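# Next comes the sequence, and after it the predicted model I'd like to discuss.
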Amino acid sequence: MGSMILKVLLLVLAGGLLALSLLTVAKVPVSVNWKLTLVAGEFGYWFAAFTLMVAGVSWLTRGSSLGIALTGIMFCALAIGLFCKPLFDARAIAIRLPEQMAQAFGPAEKDHRVFFWSRLWAANPPVVSVQTHEYSPGLQLDLRLPPASEQPVACVIMIHGGGWDSGDRKELEFFNNWLVQEGYAVASLDYRLAPEHIWPAQRDDVLGAIQWLKDRAWELGIDPTQFVLMGRSAGGQIASATAYTAQDKSIRGVISLYAPHDMPFVWSIARPDDALNSDKLMRQYLGGPPDTPEREARYLAASAHLNIEPARPMPTLLMHGLLDTLVWYRHSERFAASLAEVGHPHVLIELPWAAHAFEYNLSGPAGQLTTYAVRRFLHSVTDDS
C-alpha cells in the first residue's frame, strides 16, 4: 500500500512539474501568479535536473505498476524538454545578437561572448558599498561607485518599477553591483509616487537627480556629460519618456525593460480586470483619462513613442518577454517600429519564453542576454569603452 502511495505521489509530482514547464511556452491566466512564469523560464534548468531525479526514482520504484511509472516518466521527459527550451532559445538569440548590436550602435573594439553554458550556475556579483544621499527633499538615491580611476566614469541612472505607485531604489540591487563591476557608477533613485504625485513629477525627479550628480561630479569621479537612463516596467516608461523629452545632451542613451512607451495606446487597451488593474494605475499616474486638453498633453509628454524627433536620435535598447502578462510586448514592438521608420539607433530583443522581471536570475538565459546587451550598449554610447 505504501509503495502504491509513493508511485501515485511521484506521478502527481511529475504532472505538477509538467504543468510548471508549460509556462515556458504559454501565458498564465490572469488568475495565476505571473511569477511562476519567471521561475519556469529563468530557473527551469534547475527544475530540469530535479525532474530527471523524479524520473529516475519513478523507474526504480516501478515494481509491477509499470503503467504508472511510464506515465510519470513521460511527463518528466516532456517537462525536461520544456524547462530546457529557454536555454536553446537564448543560445539562438545569442548567435545573432552581436551583429544586431553592431548594426545599430557600431562595431565594438572589444566584444564579449553572449551566452555561457557554464555560467548558468554562477553566483551573483559581490556586494558593492553604497552611499545614500538625499538629492531632493524627502527623496534619496543610492550611489555605487567603481574603484577610483584616472578618468571620470559614466553613470547609469537606475529607475525602479512598481506600477508608478510602489517600489523603491532597492530593486534588484545585484544588477547594480554587476554594473559597478563593469566600471560604471550607478545611481538608483527613489521618485515621487502616484497617486499623490502625477506625471511629470517623476521626470522632474530624475532630472533633479541628474543635476544633483552633475553638481558633485568632480568629487564623486563621475563624468557630468555621460548619463544613461535605465528602468524596468514603470521605471522603463519614466526612463524613455525623460530621455526623449528632456533637452539634455548628457543623456547618452536609454535602456528600457518590459515597459510601455505610448500612454494614449496604454489607455486604449487598459482594463480594470487585467493583471495590473491598469485602468486604475493610469488614472492614478496621469490624473485621469486623456479627455481634456491638459490631460492629453500630459499623456503625450509621458510617451517616448510620441516624442521621437528625427533630428535628435536617442540610442535605445529595448527588451521584452513575449509571455509578459503585465506589460504587453507590443508596447516595445510598436516603439521599435517607429524608431526604425526614422532610422534611429535601437535594438529590440524579444525573449519568447520570458515574463516580467526576466533578468532576476543574472546567470539564467534571459539574465545572460541582458548583461551582454546592457554591457555592449553602454560601451557603445559612452566614451569609456
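Cool, got the structure.
# pLDDT below threshold where in the chain?
Along the chain, segments meeting pLDDT under 70 span 1-2, 31, 384-385.
# can you map out the strands along it?
In the chain, the strands defined using DSSP state E lie at 131-136, 139-144, 153-159, 185-189, 222-232, 251-257, 316-321, 346-351.
# who does the first one touch, helix- and strand-wise?
Taking 3 or more CB pairs under 8 Å, 6 or more residues apart in numbering; DSSP states H and E as contact, the helices and strands that strand 131-136 lies on are strand 139-144, helix 201-215. Using the backbone N, CA and C atoms, a C-beta is placed for each residue, glycine as well.
# got the strands of the chain as JSON lines, with mean neighbour count columns?
Putting the strands of the chain into JSON lines (neighbours: other CB atoms under 10 Å) gives the following:
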{"stretch": "strand 131-136", "mean neighbour count": "14"}
{"stretch": "strand 139-144", "mean neighbour count": "21"}
{"stretch": "strand 153-159", "mean neighbour count": "27"}
{"stretch": "strand 185-189", "mean neighbour count": "26"}
{"stretch": "strand 222-232", "mean neighbour count": "23"}
{"stretch": "strand 251-257", "mean neighbour count": "26"}
{"stretch": "strand 316-321", "mean neighbour count": "27"}
{"stretch": "strand 346-351", "mean neighbour count": "20"}
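# Which among the ones you listed is found nearest to F116?
Shortest distance between F116 and these, using CB to CB, is found for strand 346-351: 17.3 Å.
# which residues sit against stretch 333-340?
240, 261-262, 265, 304-305, 308, 316, 318, 320, 346, 348, 350 (CB atoms under 8 Å, 6 or more residues apart in numbering).
# ditto for stretch 103-120
So stretch 103-120 is contacted by 45, 87, 90-91, 93-95, 97-98, 101-102, 315, 345-347, 363-365, 368-369, 372, 375-377, 379-381, 385 (CB under 8 Å, 6+ apart).
# what about G221, neighbour count?
Neighbour count for G221, taken as other CB atoms under 10 Å: 18.
# got the phi/psi numbers for it?
Dihedral pair for G221: phi 80, psi 30, per degrees, to the nearest 10.
# Next, the contact list for the nearest residue to it once chain neighbours are set aside, please.
Setting aside the residues directly before and after it, G221 is nearest to P152 in space (CB to CB, 6 or more residues apart in numbering), at 5.4 Å. Counting by CB under 8 Å, 6+ apart, P152 touches 217-218, 221-224.
# still on that earlier bit, dump the strands of the chain to TSV, plus distance to R334.
Compiled in TSV, these are given as follows (distance: least, CB to CB, whole Å):
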stretch	distance to R334
strand 131-136	33
strand 139-144	31
strand 153-159	21
strand 185-189	28
strand 222-232	18
strand 251-257	13
strand 316-321	11
strand 346-351	10
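# Now that we have the contacts of stretch 103-120, which of them are buried?
With burial judged by 16 or more other CB atoms under 10 Å, the buried subset of the contacts of stretch 103-120 is 45, 87, 90, 93-94, 97-98, 101, 315, 345-347, 363-365, 368-369, 372, 375-377, 379-381.
# Which ones among these map onto helices?
Using DSSP state H, 45, 87, 90, 93-94, 97-98, 101, 365, 368-369, 372, 375-377, 379-381 are the members of the buried ones among the contacts of stretch 103-120 that sit in helices.
# What's opposite the residue nearest the centre of the chain in the beta bridge?
Centroid-nearest residue in the chain: L257, 3.9 Å away (criterion: CA atoms, centre = their mean). On the basis of DSSP bridges, L257 is bridged to R232, M319.
# Would you confirm that A304 contacts G236?
No: using CB atoms under 8 Å as the test, A304 is too far from G236 to be in contact (9.4 Å).
# quick one on the thing from earlier: compile the helices and strands packed on strand 131-136 into JSON lines and extend it with columns for distance to I159.
Shown next, in JSON lines, are those (distance: least, CB to CB, whole Å):
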{"stretch": "strand 139-144", "distance to I159": "11"}
{"stretch": "helix 201-215", "distance to I159": "6"}
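# and G183, which of these is closest to it?
strand 139-144 (11.6 Å).
# In terms of secondary structure, what does that closest one contact?
strand 131-136, helix 173-181, strand 185-189, helix 201-215.
# Can you check which of the ones you listed gets nearest to P125?
Taking CB to CB, helix 173-181 is the member of the helices and strands packed on strand 139-144 nearest to P125, at 4.5 Å.
# for the closest one, packing partners?
Checked by 3+ CB pairs under 8 Å, 6+ apart, helix 173-181 has strand 139-144, strand 153-159, strand 185-189 packed alongside it.
# List the buried residues for that helix?
Across helix 173-181, burial judged by 16+ other CB under 10 Å covers 173-180.
# so P313 sits right up against G253, yeah?
No: using CB under 8 Å as the test, P313 is too far from G253 to be in contact (9.8 Å).
# I'd like to know how many residues surround S250.
S250: 18 neighbours (other CB under 10 Å).
# Quick check, it in contact with V228.
No: using CB under 8 Å as the test, S250 is too far from V228 to be in contact (9.9 Å).
# so how far is L38 from G321?
9 Å (CB to CB, to the nearest Å).
# overlap in contacts of those two?
355-356, 358.
# Break this protein down into its structural domains.
2-91, 114-381 (automatic domain parsing).
# Same list (those domains) but as TSV, adding distance to A108.
Shown next, in TSV, are the domains of the chain (distance: least, CB to CB, whole Å):
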stretch	distance to A108
domain 2-91	20
domain 114-381	6
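# Identify the residues contacting N361.
42-43, 367.
# at 6 Å what do you get?
42, 367 (CB atoms under 6 Å, 6 or more residues apart in numbering).
# How about P195?
Applying CB under 6 Å, 6+ apart, the residues contacting P195 are Q284.
# how near is it to M282?
11 Å.
# try L189
L189 is 23 Å from M282, by CB to CB.
# Also A357?
Counting by CB to CB, the gap from A357 to M282 is 21 Å.
# Cross-check the contact I'm expecting between P260 and H331.
Yes: if you go by CB atoms under 6 Å, P260 and H331 touch, sitting 4.4 Å apart.
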